[in-house]
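1. the sequence and its predicted three-dimensional model are supplied below.
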Amino acid sequence: MSKLETMNGSRRKSTGELAKPRKSSSLNEAQTRKRSDEKRKEVVFQVGAPSAATVALAADFTDWDRAPIRMLKLGDGIWQTKVELPQGRHRYKFLVDGQWLEDPHCQERVPNPFGTNDGVVYVP
């Protein structure tokens, strides 16, 4: 199973160096505790891309293309990843060999600022 790759909340400076993390306030710590207490549910994402060399899941929960989740190639050209998500609506798309791809099986889609659509998954 692929894992979310992040930079532990650090931001890169324009020089490529890691910025110093900000000191956490008690409000930030409370928000972090609240997020860790949220109910999470495993969501399975799949897409067919038999000739692809790489497929990744990019979403609002991965900061889109900054930290996409690599997907695992299964048999018959199906790519899959499983992600623990908190309750709510989450927007996503696939990156297939570096090209954006809408989920052809997603029931709900919403327009994005780039003139295409994002898939929406709802976690109850």
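-> Looks like it came in fine.

2. how many neighbours does residue 103 have?
-> 19 (other Cβ atoms under 10 Å). All C-beta spots, glycine's among them, are computed from the backbone N, C-alpha and C.

3. my guess is it contacts residue 119. True?
-> Yes - the criterion here is Cβ atoms under 8 Å, and residue 103 meets it with residue 119 at 4.1 Å.

4. overlap of the contact sets of the two?
-> Common neighbours of residue 103 and residue 119 are listed as 92-93 (criterion: Cβ atoms under 8 Å, 6 or more residues apart in numbering).

5. and stretch 109-121, what's buried?
-> Buried residues in stretch 109-121, counted by 16 or more other Cβ atoms under 10 Å: 117-121.

6. pLDDT and distance to residue 39 added to those residues, as JSON lines?
-> Output for those, formatted as JSON lines (pLDDT from 0 to 100; distance: Cβ to Cβ, whole Å):
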{"residue": "117", "pLDDT": "97", "distance to residue 39": "28"}
{"residue": "118", "pLDDT": "98", "distance to residue 39": "24"}
{"residue": "119", "pLDDT": "98", "distance to residue 39": "22"}
{"residue": "120", "pLDDT": "98", "distance to residue 39": "19"}
{"residue": "121", "pLDDT": "98", "distance to residue 39": "15"}
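
7. of those residues, which is the nearest to residue 53?
-> Comparing those against residue 53 with Cβ to Cβ places residue 119 closest, at 22.1 Å.

8. what helix or strand does that closest one sit in?
-> Using DSSP states H and E, residue 119 falls within strand 117-123.

9. swap in residue 80?
-> Assigning secondary structure by DSSP H and E places residue 80 in strand 78-86.

10. and that strand, which residues are buried?
-> Buried, per 16+ other Cβ under 10 Å, within strand 78-86: 79-81, 83, 85.
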